[in-house]
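**Q** Kindly generate the corresponding structure for this input.
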Amino acid sequence: MDTNEDAGPAAMRKETRDWLASHTVEDVRAIAADLENVGEDVTALRASLSELEAIVNRHPMPARRTIRRKTIDSGNVESRSGRAPVGP
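**A** Next up, the predicted model:
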């Protein structure tokens, strides 16, 4: 992969996607602090985190909605999130 090319979600390993889905920018800042404490230069990492935070704050994601659908045969409402549906 060319280093100037953006790595889309499909280009990431499942392990990386799972880690990113369960950690926050603050988690990565804590890792950066640990790395800095052992002598690593984390200037570029901190700059990237600040840039990411600015992008997220500029374009916040809407809250996730659970998509509900009716089953054809039973008329029961199912939830794609795996949680029990709320309401009729």
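
**Q** SS state for Asp41?
**A** Under DSSP: H, G, I helix; E, B strand; the rest coil, the three-state class of Asp41 is coil.

**Q** what about it, how many neighbours?
**A** Asp41 has 9 neighbours, counted by other Cβ atoms under 10 Å. Quick note: C-beta positions are derived from backbone N, CA and C, even for glycine.

**Q** Make 687 the starting number, not 1.
**A** OK, 687 is where the count begins now, so the last one is Asp727.

**Q** what ranges of this structure fall below the confidence cut-off?
**A** Scanning the chain for pLDDT under 70 picks out 687-696, 746-774.

**Q** what do you get if the cut-off is 80, keeping everything else the same?
**A** 687-698, 702-703, 706, 742, 745-774 (pLDDT under 80).

**Q** where along it do the helices fall?
**A** 700-708, 711-723, 729-744 (DSSP state H).

**Q** Present those helices as JSON lines; the columns should include mean neighbour count.
**A** Output for the helices of the chain, formatted as JSON lines (neighbours: other Cβ atoms under 10 Å):
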{"stretch": "helix 700-708", "mean neighbour count": "10"}
{"stretch": "helix 711-723", "mean neighbour count": "13"}
{"stretch": "helix 729-744", "mean neighbour count": "11"}
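
**Q** From Ala707, how far off is Glu701?
**A** For Glu701, the distance to Ala707 (Cβ to Cβ, to the nearest Å) stands at 11 Å.

**Q** Same check on Met698?
**A** 11 Å.

**Q** same check, this time on Ala697
**A** From Ala697 to Ala707 the distance is 16 Å (Cβ to Cβ).

**Q** and what of Arg715?
**A** Distance from Arg715 to Ala707, by Cβ to Cβ: 18 Å.
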